[in-house]
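1. sequence and predicted structure below; questions after.
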Amino acid sequence: MSILLHSRCLLAAGLAALAIITASTAQAATAEWRPQASETLVRLSGHLLDKSINQDFLGSALGQALAETDGELALTTQTLGDLKAAIARAEGDVRIDLRHQFLGEKREWLNLMSRRADMRRIRVETEVALYEDMLAELNRGNAAMMPARQELIVRQDAAAERLESSLAAVDNAVLHPIAVPQSRYQETYAENISAIEALAQAIEAHHMNPSAGAAGPLTRIEHIRAKMVEAEAQLAILDQEETMLGYMAKLVALDALALSEEALDAELADSDLPGRVGPAPMVELFID
Amino acid sequence: MRAFTALIVAALVTIGSAASAGSLEILERERALVLETLLDPTLTPAERQESLATVRLRLVDLERMVVRDESLRGRNTPVVRRAFADYELTFLAHTSAEANTTLLDIWLARLGIGSEALAVARRGWR
């Protein structure tokens, strides 16, 4: 009788494994991450942007829940390994009991994996939404670059070029005839300009500046687009992983059915009840 | 540590916009004073030359400051647009030095009045 109950429990465990995905979705939905495409975030270059987003995620409820699930998953994975090794060594009822535990742990592992996949999906989808907001923000900035503004910048560049090319001529014409020394502004400017160039070279060569000279709005947009493609790839992989988890859950259910059948067979084999009741074996008792 | 990082990021974000915003307004004020000096009928030629010598140097500095002022770059306001629409008029000191002529000549030329035309002009009722 106890074996029968045991096998029923196993069957229930297998069936429960099939219902994992819907249950874990509800659990994952409770943890949230709501990053904002703030102006500061939009201004960050690729390297700092990734770190900032990752930092924000780790501090969120969703990030903490994911880290907690990862910890539980590591423990369950270890338990599964231990149980598998113990089953290989055990015999009889102990072995059946261990196999029962093994199935239960598998179910728990699937539950955790499914919850983890849901949380990762929420993270990736939130990231995609964040990148879309950031792109919209950057595109708004570019839209402000109207033809009139572009024309102004062209004129300003032309003015700067013309003025810088005429510096020596102007100094000769203005300063030399009246033998006046350069103004304090011009002296200091000339000194500072070489210092600024040295600093700019140092920034260019700095190891924390992998995209030196490429931190303009266009490269920021390109970086965000690349991150969106990366996120889409992660979603596709998550789809595959969820399919694998579905198959694993089905296998757990089938294993549970097989185990319950084995338990029933063992019970019937040990039973005192006759396997087949007919008159023929009794004939000898009636012949004297 | 987090506060320190935020400080660095904030510094990186704000450093670029630390330039003076009023360079163009100061240049325009100085240029107006130069023109006033040029056209002041109470000054003798010597007084005018003396006064212009100092003001012209200041104008040269201011013109360079305006051209190098990053805060003006792409600032699509009527004042900035007008300033860069006419290089010769805005950067009067540089243009006059380039052309090896006087500030007044450049200014009048931009208004369509040459000094030769003025020389042959006669005073009278119209």
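-> That came in fine, so what should we check first? A quick note: this is a predicted structure, and the numbers were derived from the prediction, not measured.

2. what helix or strand is residue 53 on?
-> Looking at chain A here, since you left the chain open. helix A:46-59 (DSSP states H and E).

3. looking at chain B here, not the other one
-> helix B:45-68.

4. that helix close to chain A?
-> Yes - counting by C-beta under 8 Å from any C-beta of the partner chain, chain A has neighbours in helix B:45-68: B:Ala53, B:Arg56, B:Leu57, B:Arg58, B:Val60, B:Asp61, B:Glu63, B:Arg64, B:Met65, B:Val67, B:Arg68. Yep, even glycine has a C-beta here, placed from its N, CA and C like the rest.

5. name the helix or strand for B:Arg75, please.
-> Using DSSP H and E, B:Arg75 is not contained in any helix or strand.

6. could you give the number of residues near it?
-> By other C-beta atoms under 10 Å in any protein chain shown, the residues close to B:Arg75 number 17.

7. and if you look at A:Met208?
-> A:Met208: 8 neighbours (other C-beta under 10 Å).

8. can you tell me the closest non-neighbouring residue to it?
-> Counting by C-beta to C-beta, 6 or more residues apart in numbering or on different chains, the nearest residue to A:Met208 once its immediate chain neighbours are dropped is A:His47, at 7.2 Å.

9. helices and strands around the longest helix along chain A, which ones?
-> The residue-count maximum for a helix in chain A (DSSP state H) belongs to helix A:217-270. Here helix A:217-270 touches helix A:2-18, helix A:20-28, helix A:46-59, helix A:92-143, going by 3 or more C-beta pairs under 8 Å, 6 or more residues apart in numbering or on different chains; DSSP states H and E.

10. mind checking the SS state of the residue nearest to B:Arg68 when sequence neighbours are not counted?
-> Using C-beta to C-beta, 6+ apart and skipping residues adjacent in sequence, the residue nearest B:Arg68 is A:Ala160, 7.3 Å away. Put simply, A:Ala160 is helix when judged by DSSP: H, G, I helix; E, B strand; the rest coil.

11. A:Ala160 touches B:Val67, doesn't it?
-> Yes - A:Ala160 is within contact range of B:Val67, at 4.9 Å (criterion: C-beta atoms under 8 Å).

12. look at those two and report which has more neighbours.
-> B:Val67 (23 against 16).

13. please name the residues that touch the more buried one.
-> Counting by C-beta atoms under 8 Å, 6 or more residues apart in numbering or on different chains, B:Val67 makes contact with A:Gln156, A:Ala159, A:Ala160, A:Leu163, A:Glu164, B:Phe91.

14. before we move on, what about A:Arg120?
-> Residues near A:Arg120 by C-beta under 8 Å, 6+ apart: A:Leu66, A:Gln234, A:Leu238.

15. all strands for chain B, in order.
-> Assigned by DSSP state E, chain B shows no strands.

16. how close does the residue most central in space within chain A get to chain B?
-> Centroid-nearest residue in chain A: A:Arg120, 4.6 Å away (criterion: C-alpha atoms, centre = their mean). From A:Arg120 across to chain B, the span is 25 Å (C-beta to the nearest C-beta, to the nearest Å).

17. same check, this time on A:His206
-> 12 Å.

18. same check, this time on A:Leu103
-> Relative to chain B, and taking C-beta to the nearest C-beta, A:Leu103 is found at 45 Å.

19. mind saving the C-alpha coords of the helix holding B:Ala53 as PDB?
-> Extracted C-alpha coordinates of helix B:45-68, given in PDB (Å, rounded to 0.1, in the frame of the first residue of the first chain):
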ATOM      1  CA  PRO B  45      42.400 112.600 -36.000                       C
ATOM      2  CA  ALA B  46      45.200 112.200 -33.400                       C
ATOM      3  CA  GLU B  47      42.800 111.600 -30.600                       C
ATOM      4  CA  ARG B  48      40.900 109.100 -32.700                       C
ATOM      5  CA  GLN B  49      44.100 107.200 -33.500                       C
ATOM      6  CA  GLU B  50      45.200 107.100 -29.900                       C
ATOM      7  CA  SER B  51      41.800 105.800 -28.800                       C
ATOM      8  CA  LEU B  52      41.600 103.200 -31.600                       C
ATOM      9  CA  ALA B  53      45.100 101.800 -30.900                       C
ATOM     10  CA  THR B  54      44.000 100.300 -27.600                       C
ATOM     11  CA  VAL B  55      40.500  99.400 -28.600                       C
ATOM     12  CA  ARG B  56      41.700  97.600 -31.700                       C
ATOM     13  CA  LEU B  57      43.900  95.300 -29.600                       C
ATOM     14  CA  ARG B  58      41.000  94.500 -27.400                       C
ATOM     15  CA  LEU B  59      38.800  93.800 -30.400                       C
ATOM     16  CA  VAL B  60      41.400  91.400 -31.900                       C
ATOM     17  CA  ASP B  61      41.400  89.400 -28.600                       C
ATOM     18  CA  LEU B  62      37.600  89.400 -28.400                       C
ATOM     19  CA  GLU B  63      37.200  88.200 -32.000                       C
ATOM     20  CA  ARG B  64      39.600  85.300 -31.300                       C
ATOM     21  CA  MET B  65      37.600  84.500 -28.100                       C
ATOM     22  CA  VAL B  66      34.300  84.400 -30.100                       C
ATOM     23  CA  VAL B  67      35.700  82.100 -32.800                       C
ATOM     24  CA  ARG B  68      37.100  79.700 -30.200                       C
END
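
20. low-confidence ranges in the chain?
-> Chain wasn't specified; assuming chain A. Counting by pLDDT under 70, chain A has low-confidence residues at A:1-29, A:141-145, A:176-180, A:209-218, A:270-277, A:288.

21. wrong one, I was asking about chain B
-> Low-confidence segments of chain B (pLDDT under 70): B:1-21, B:114-116, B:118, B:126.
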